[in-house]
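> generate a structure from the sequence data that follows.
(chains A and B)
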Amino acid sequence: MPDQAISPPTSVDQTPAVSVEGLYKSFGPNAILKNVSLRVEQAELTVIVGPSGCGKTTFLRCLNGLETFDEGRIEVAGISLDLHRSDRERGSDVQARIHELRLCAGMVFQSFNLFPHLTVVENVMKAPQVVKGMPTDQARVLALELLEKVGLKEKADLHPVQLSGGQQQRVAIARSLAMQPAVMLYDEPTSALDPALVDEVLGVMRALDDEGMTQIVVTHEMRFARQVADRIVVFHGGEIIESGPPDVIFSAPKDERTRHFLKAYL
Amino acid sequence: MHPRPTSSPPESARRRRGRALVFLVLFVLAILGAASPPAHADQLQQIRRSKIMRWGSDAEGGAPYVCLDPRDKTRLIGFEVEIAAALASVLGAEARMVQNDYKSLLPGLNTVNYDLAINGIEITPDLEKTVEFSRPYYLSALQISVRRDDPDIPGIQGLRGKKVGTLEGSLAERLLRGMNEVQVLSFPGQHTPYMDLTNGRCDAVLQDYPIALYYGKPNPQLKFTGDPVSEIRYGIACKKGELGLVKAVNAALDDLARRGTLRLIYERWGLWNEQTSRYFGDLRPGGAPAPAYEEFLRQTSQFRSFGDRVADYLSSMPMLLHGALITLGISTASMMLAVVVGMVLALLRLYGPRVLSVLALVYVEVVRGTPLLIQLYLIYFGLPNVGIQLSPLVAAWLGLGLNYAASESENYRAGILSIPKGQMEAALALGMSPAQAIRHIILPQAIRIALPPVTNDFLALFKDSSLVSVITMVELTKVYGQLAATYNDYIVYGVITAAIYFIMGLPFVRLARILEQRLATAYRHA
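Numbering: from 1, shown residues only, chains lettered A, B, ... in the order given. So this is what the prediction gives:
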């Protein structure tokens, strides 16, 4: 789809793909997220960096409801989840909202989490079949299309255990894409991979970026962040301490903590 | 053998599947159709109306009471069989024996599967509180047996300081337990104390004279010693409150004694004795031949020819296979129940709302922490007290199925818990509901983990199903007990029965292995 790839990132419409306002979350006395707000425009690739334990993974998991939060508002592709500390009811209404949220946001995990009992193609077919009731042959066509996109069509009938880590992660991306999400979320997608396998995964993400997919990536791959990201968001102690284009963040960070953190990677 | 019609393999396979289906449907129909009739107020009326007198007994007890006829195993023989027939004819009915395990003969009176119980039941003050007894129909004493080469023991006091074998739950056992310095060995079967005495594991055996006569005396390595001990009186047990029936039974016994029918029966079986003759006031001299006793000695002789024995084993096969079919049917049906209920329990425990989860936990802990035997008793004999009367088949199915559901649920829970948390998260992140995730992602993986323990449980259930004989079901182990008692041959029949259990279990083991291999292919690297 070369047309989309060329379309300039400035031609975004007014509604952001993701918008987060005043997110708070704590585990007992430990505050994990403290008043986090973030706006991600459509077709943007946002990279979240920060030291471990800074809340970046928790933040990402909040975006598709794998974690709940105490207070704040999340909106993904027009679906919003608004929680207040005073709300005692977290009933079926909230559950339904979280479910809608998940349908808009695909998630890729550090440990791939492919379904080991299913073949590669079945992994990709399963969610459309189960969630959307898509007929088997239609789901298979879709799955093979997506596997082709991540370069693994010929592995369709193997089982995950027969694939390398990089291949598994590419299948995981295809599996998420099968639900046609508005946003793709990645939680350290290459941290569990041999260095030699990292690039094939990043390559897929790069290609998706070219197609105009909105993506939020928690990663330690600074080279990737620098080359591909539209924006870098720096987390520290449960807060966003700095955000901006990669050039600015990498060459002239304003915050002392950002400078200190990035030094380890340079 | 008939020549086989040449049919293509798929066709015969289909026919085989068809037959299995027919069997399953018949079994389910039997379960549904086996609901028991409601309790009747007056059983004497019932006997007169139906012209059938149902009497409960255990053919595993063996000769001379009730056992299978060695020459025709579809028939029962024994002096009590003859008494039951005579009694029924006086009452204007036909006698029909209802098989039940000795342990639950008296509780069985309350579930109205039979009108009365006749099986060498001793009249004791304790039992008189729970059932109505007729007047005694037979009187006797306890007999001491020792090894032939051991010194004689003059009487019961001579048992002090010795190891004495006897039948569990008998009057003899209670007597021995009441004595100081006697080490009592209780056995579940009446023949086993004599085997132990022969093998030197106990010093003496004290049992009812009829038992001693049939199982101790014929053994050339043993001898009777001492005077008759105590007095035992066998009575016919009826349900508490059935005074009309008891009265009719007493009148009939009087009648049979007066006409000499009882004496004739006892003489045939070599059981006519002083106590009984005095009780019935029949003091004519005894000494008549005992053809039934002679026949028993011939049939159970250790010197029977090999060919005769093989013929016995072969002729026993249909009975054993019938028992095996019952075992197979009840085990399979119970396992299906256990699988379904176990799955519900496991899911409730792991994913259910808190109240249900706790209830499921309590169910699992209580059911697996208490004996199956007692659960069967409660379901079959206890539930009628709250108005729920189940047929033996349904009670056995529920008892085994609900018991094994508890351990099944733990198997499934272990399987589900072994699946990494990331699987559920990935499924949820793809938009599946928790129920969809469990159904499509978690359970298919958990089954692979749970399969070996589930197979294990199924084999265990297979063997545990023998317990349902306490609620009148004649399954494989019960048939074994009856045959072994009939021929006084516990070893060879034991081996045959064990082999049948083993062979019946094989297809399930094989099936589980195939399934396991199929599920494992997804995890193979090559």
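> name every strand pairing with the strand or helix carrying residue B:74 and say which way it goes.
Taking DSSP states H and E as the criterion, residue B:74 maps to strand B:72-77. Strand B:72-77 pairs in its sheet with strand B:67-69 (antiparallel), by DSSP bridges.
> buried residues of the partner strand, list them for me.
Residues B:67-68 are the ones in strand B:67-69 that count as buried (16 or more other C-beta atoms under 10 Å in any protein chain shown). (C-beta placed from N, C-alpha, C; glycine too.)
> give me the contact list for that strand.
Contacts to strand B:67-69, defined as C-beta atoms under 8 Å, 6 or more residues apart in numbering or on different chains, come from residues B:59, B:61, B:75-78, B:482-483, B:485-486.
> which pair in the residues you listed has the greatest spatial separation?
For the contacts of strand B:67-69, the maximum inter-member distance is 16.0 Å, found between B:61 and B:75 (C-beta to C-beta).
> distance-wise, check residue A:105 relative to chain B.
8 Å (C-beta to the nearest C-beta, to the nearest Å).
> hang on, that residue packs against residue A:180?
No. If you go by C-beta atoms under 8 Å, residue A:105 and residue A:180 don't touch, sitting 11.4 Å apart.
> who in chain A is up against chain B?
Neighbours of chain B within chain A, by C-beta under 8 Å from any C-beta of the partner chain: A:64-66, A:99, A:102-103, A:105-107, A:109, A:111, A:113-119, A:126-127, A:130-131, A:159, A:161-162, A:172, A:175-176, A:179.
> out of the residues you listed, which end up buried?
Buried by 16+ other C-beta under 10 Å: A:64-66, A:99, A:102-103, A:105-107, A:109, A:111, A:113-119, A:126-127, A:130-131, A:159, A:162, A:172, A:175-176, A:179, out of the residues of chain A next to chain B.
> mind listing the strands for the stretch 151-266 of chain A?
Along the stretch 151-266 of chain A, counting by DSSP state E, counting those that start in this stretch, strands occupy A:183-187, A:214-218, A:231-236, A:239-244.
> packing partners of the last one?
Which is strand A:239-244. When contacts are defined as 3 or more C-beta pairs under 8 Å, 6 or more residues apart in numbering or on different chains; DSSP states H and E, strand A:239-244 sits against strand A:30-40, strand A:231-236, helix A:256-263.
> nearest the middle, which residue of chain A would you pick?
Geometric centre of chain A, nearest residue: residue A:185, 0.8 Å, by C-alpha atoms, centre = their mean.
> tally up the residues packed near residue A:60, please.
Look at residue A:60: counted by other C-beta atoms under 10 Å in any protein chain shown, it has 21 neighbours.
> one more: the one 10 residues further on?
Applying other C-beta under 10 Å, we find 15 other residues in the vicinity of residue A:70.
> not counting sequence-adjacent ones, nearest residue to it?
residue A:24 (4.9 Å; C-beta to C-beta, 6 or more residues apart in numbering or on different chains).
> confirm that that neighbour sits in a helix.
No. Going by DSSP: H, G, I helix; E, B strand; the rest coil, the assignment for residue A:24 is strand, not a helix.
> my guess is it contacts residue A:58. True?
No. With contacts counted by C-beta under 8 Å, residue A:24 stays clear of residue A:58, the gap being 11.4 Å.
> between those two, which one's more packed in?
Looking at residue A:24 and residue A:58 with other C-beta under 10 Å, you find the greater number of neighbours at residue A:58, namely 21 against 17.
> can you tell me the element the more buried one falls in?
Take DSSP H and E as the rule and residue A:58 turns out to sit in helix A:56-63.
> output the contacting helices and strands for that helix.
Applying 3+ C-beta pairs under 8 Å, 6+ apart, one finds that helix A:56-63 makes contact with strand A:18-27, strand A:30-40, strand A:45-49, strand A:71-76, strand A:105-108, strand A:183-187, strand A:214-218.
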